[in-house]
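Q: Any chance you could fold what I've pasted below:
(one chain, ligands or ions: 2)
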Amino acid sequence: MNEYNIVVLKGDGIGPEIVDEALKVLDATGVKYGFKFNYDYRLMGGCAIDATGEPLPEETVEACRKADCVFLGAVGGPEWDTLPGNKRPEAGLLGIRGALGLYANLRPAKIFEPLKSASPIKDSIIGDGLDIMIVRELTGGIYFGERGRCEENGNEAAFDTEKYSVPEIERIARTAFQMAMKRSKKLTSVDKANVLESSRLWRETVIKVSKDYPEVELNHMYVDNCAMQLVRNPGQFDVIVTSNIFGDILSDEASMISGSIGMLASASLAGGKMGLYEPIHGSAPDIAGQQKANPLATILSAAMMLQYSFDEKEAAKAIENAVNEALKKARTPDIYEEGFEKVTTSEMGDLVVSLLK
Ligand code: IPM
Ligand code: MG
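A: Residues are numbered from 1 along each chain as shown. Ligands and ions are numbered 1, 2, ... in the order given. Got it, this is the predicted structure:
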């Protein structure tokens with residue numbers, strides 16, 4: 001029987017609650033499909049700061065390096081908001097992405113049929129549905145560029161630097177073209193090439209890489225236009241490739257089209273089997289510990305882990321199908337509509353388990 005070794009970082013806020021549900025679903029999937037998970041629980045984020053003084057203890061990094069992959073809830077919260085940037089919980093998240101070289105962040109935004117009416121976008125605009133794959137660069141750009149405080153004309157000032165090298169752009173572009181080849185062979189590269197030099201290099205490099213994928217229809221879009229087009233006509237997009245910060249923003253926007261940010265999963269990959277899987281939403285401290293959080297984004301991240309790190313495609317599909325079925329019956333508060341059963345975080349997890357085929 002295959003055994004998979006996973007480092008689990010529950011994190012802060014709703015992190016522990018939603019991760020518990022995803023592990024419940026993973027274990028049930030293992031029983032049905034004949035594999036087993038070994039979980040190694042480690043600290044990262046605010047909980048790690050409280051326990052060790054560091055958002056990303058070295059032993060957590062070591063454990064992640066040895067594991068088959070990493071499963072994460074969410075990090076951050078108001079109690080750590082006043083710490084200096086490099087000591088904040090988010091620094092732990094950026095640190096682990098960097099340390100594991102997870103440059104390719106896949107964020108699928110799709111509408112589950114039963115949730116169509118939860119989308120704030122009109123039916124006439126959504127049409128047959130929505131199925132977009134955002135490929136976000138994750139270890140470069142302004143998130144990792146030089147930053148600091150300085151003085152300008154006697155005033156305090158601050159700066160952050162957006163920088164991309166050709167190899168960094170090439171590898172994420174290849175990830176996106178390969179993804180497009182597996183899907184509808186349409187790729188939109190999003191940049192701000194009318195203003196930013198880093199975006200001009202981005203665009204030139206994506207065009208060069210496109211020569212290796214002649215079957216993929218490539219177009220380019222400025223990020224402001226893309227933000228607008230996502231709500232005007234989301235059906236025009238299939239795969240989107242973009243920089244770290246633009247991908248951060250556009251994926252939150254795309255998630256809302258699908259009904260709730262509580263629905264969007266993600267996989268962060270390093271080009272091989274190693275991956276980090278996490279929902280795209282944050283730690284929602286305002287509802288933490290109340291069993292109100294939607295665990296489906298985390299459960300869907302578990303499905304992505306089965307697909308991308310372990311090639312357990314059938315089991316991954318089974319989770320997606322069970323989520324779809326669960327949405328026909330019950331809803332957590334974020335996606336609640338009249339006529340459905342209102343359930344807690346753990347009831348939603350139980351329901352998904354019971355619907356696994
Ligand atoms: C995300 C989050 C993170 C990011 C934060 C928590 C640092 O918003 O994964 O989208 O900006 O990458
Ligand atoms: Mg974000």
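
Q: So which residues of this structure form strands?
A: 2-11, 35-42, 69-74, 104-110, 131-137, 147-152, 155-160, 186-191, 217-222, 239-242, 265-269, 275-279, 330-331, 341-342 (DSSP state E).

Q: Might you name the residue of the stretch 1-150 of the chain sitting closest to ligand 1?
A: Closest approach between the stretch 1-150 of the chain and ligand 1, counting by Cβ to the nearest ligand atom: Glu90, at 3.9 Å. From N, CA and C alone the C-beta is placed, and that goes for glycine too.

Q: Redo the strands of the chain as a markdown table? Include mean neighbour count.
A: Below are these laid out as a markdown table (neighbours: other Cβ atoms under 10 Å):
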| stretch | mean neighbour count |
| --- | --- |
| strand 2-11 | 20 |
| strand 35-42 | 16 |
| strand 69-74 | 26 |
| strand 104-110 | 23 |
| strand 131-137 | 24 |
| strand 147-152 | 10 |
| strand 155-160 | 10 |
| strand 186-191 | 24 |
| strand 217-222 | 16 |
| strand 239-242 | 28 |
| strand 265-269 | 25 |
| strand 275-279 | 27 |
| strand 330-331 | 21 |
| strand 341-342 | 12 |
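
Q: Mind putting those into a markdown table with mean pLDDT and distance to Glu320?
A: A markdown table is the format used below for the strands of the chain (pLDDT from 0 to 100; distance: least, Cβ to Cβ, whole Å):
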| stretch | mean pLDDT | distance to Glu320 |
| --- | --- | --- |
| strand 2-11 | 97 | 19 |
| strand 35-42 | 98 | 17 |
| strand 69-74 | 98 | 17 |
| strand 104-110 | 96 | 10 |
| strand 131-137 | 97 | 12 |
| strand 147-152 | 97 | 39 |
| strand 155-160 | 98 | 37 |
| strand 186-191 | 98 | 22 |
| strand 217-222 | 98 | 27 |
| strand 239-242 | 98 | 19 |
| strand 265-269 | 98 | 10 |
| strand 275-279 | 97 | 14 |
| strand 330-331 | 96 | 17 |
| strand 341-342 | 97 | 21 |
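
Q: center of this structure, which residue is that?
A: Closest residue to the average C-alpha location of the chain: Ser266 at 2.9 Å, with Cα atoms, centre = their mean.

Q: picking up where we left off before, pull the contacting residues for the residue of the stretch 1-150 of the chain closest to ligand 1.
A: Each residue near Glu90 by Cβ atoms under 8 Å, 6 or more residues apart in numbering is listed here: 45, 55, 75-76.

Q: at 10 Å what do you get?
A: Residues in contact with Glu90, defined by Cβ atoms under 10 Å, 6 or more residues apart in numbering, are 45-46, 55, 75-76, 80, 83, 143, 282.

Q: coming back round to it: rebuild the strands of the chain as CSV, extending it with distance to ligand 1.
A: As requested, the strands of the chain are exported to CSV (distance: least, Cβ to the nearest ligand atom, whole Å):
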stretch, distance to ligand 1
strand 2-11, 10
strand 35-42, 18
strand 69-74, 8
strand 104-110, 8
strand 131-137, 8
strand 147-152, 14
strand 155-160, 13
strand 186-191, 16
strand 217-222, 20
strand 239-242, 13
strand 265-269, 7
strand 275-279, 7
strand 330-331, 24
strand 341-342, 28
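
Q: Would you tell me which of these gets closest to Thr205?
A: The stretch from these with the least distance to Thr205 (Cβ to Cβ) is strand 186-191; that distance is 9.6 Å.

Q: What pairs with the closest one, parallel or antiparallel?
A: If you go by DSSP bridges, strand 186-191 pairs up with strand 217-222 (parallel), strand 239-242 (parallel).
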